[in-house]
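A.B. asks: this one's sequence-less:
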């Protein structure tokens with residue numbers, strides 16, 4: 001039962017962090033517009049692939065899980 005409780009606490013923290021990022025996304029103008037994010041705009045078409053932003057978020061989440069998972 002302790003593992004389930006620890007898992008639920010970690011998931012709650014992750015969801016809270018994601019929620020905070022979503023709330024602040026309008027105020028953090030560089031998030032989603034980093035060098036390396038791919039944006040292709042045509043006349044009636046826009047393709048957006050946030051590659052650098054995804055890598056940055058992956059690194060942050062990896063560090064969070066590594067810190068929490070240390071024993």
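C.D. replies: Thanks, I have the structure now. Not measured: the values here are computed from a predicted model. Numbering: from 1, shown residues only.

A.B. asks: and the top helix by length along the chain, what does it pack against?
C.D. replies: Longest helix in the chain, counting residues (DSSP state H): helix 2-24. Counting contacts by 3 or more C-beta pairs under 8 Å, 6 or more residues apart in numbering; DSSP states H and E, helix 2-24 is packed against helix 51-69. All C-beta atoms are positioned from the backbone trio N, CA, C, and that covers glycine.

A.B. asks: got the angle for the helix it packs on vs helix 2-24?
C.D. replies: Using axes from the mean of the first three to the mean of the last three C-alpha atoms, to 10 degrees, the inter-axis angle of helix 51-69 relative to helix 2-24 is 150 degrees.

A.B. asks: buried sites along helix 51-69?
C.D. replies: Residues of helix 51-69 classed as buried: residue 53 (neighbour count, 16 or more other C-beta atoms under 10 Å).

A.B. asks: gap between that helix and the chain center?
C.D. replies: Put simply, helix 51-69 sits 7 Å off its chain's centre (C-alpha atoms, centre = their mean, to the nearest Å).

A.B. asks: next one: stretch 13-26
C.D. replies: 8 Å.

A.B. asks: what's the answer for stretch 2-22, then?
C.D. replies: Between the centre of stretch 2-22 and the centre of its chain there are 13 Å (C-alpha atoms, centre = their mean).

A.B. asks: and the next helix or strand past the longest helix of the chain?
C.D. replies: Next helix or strand after helix 2-24 toward the C-terminus (DSSP states H and E): strand 38-41.

A.B. asks: and the pLDDT at residue 71?
C.D. replies: pLDDT recorded at residue 71 is 67.

A.B. asks: ok, residue 9 next?
C.D. replies: 92.

A.B. asks: thinking again about what came up before, residues of the longest helix of the chain that come out buried?
C.D. replies: Going by 16+ other C-beta under 10 Å, helix 2-24 has no buried residues at all.

A.B. asks: what does it contact?
C.D. replies: 28, 31, 57, 61, 64-65, 68 (C-beta atoms under 8 Å, 6 or more residues apart in numbering).

A.B. asks: nearest to residue 48, of these?
C.D. replies: residue 31 (13.1 Å; C-beta to C-beta).
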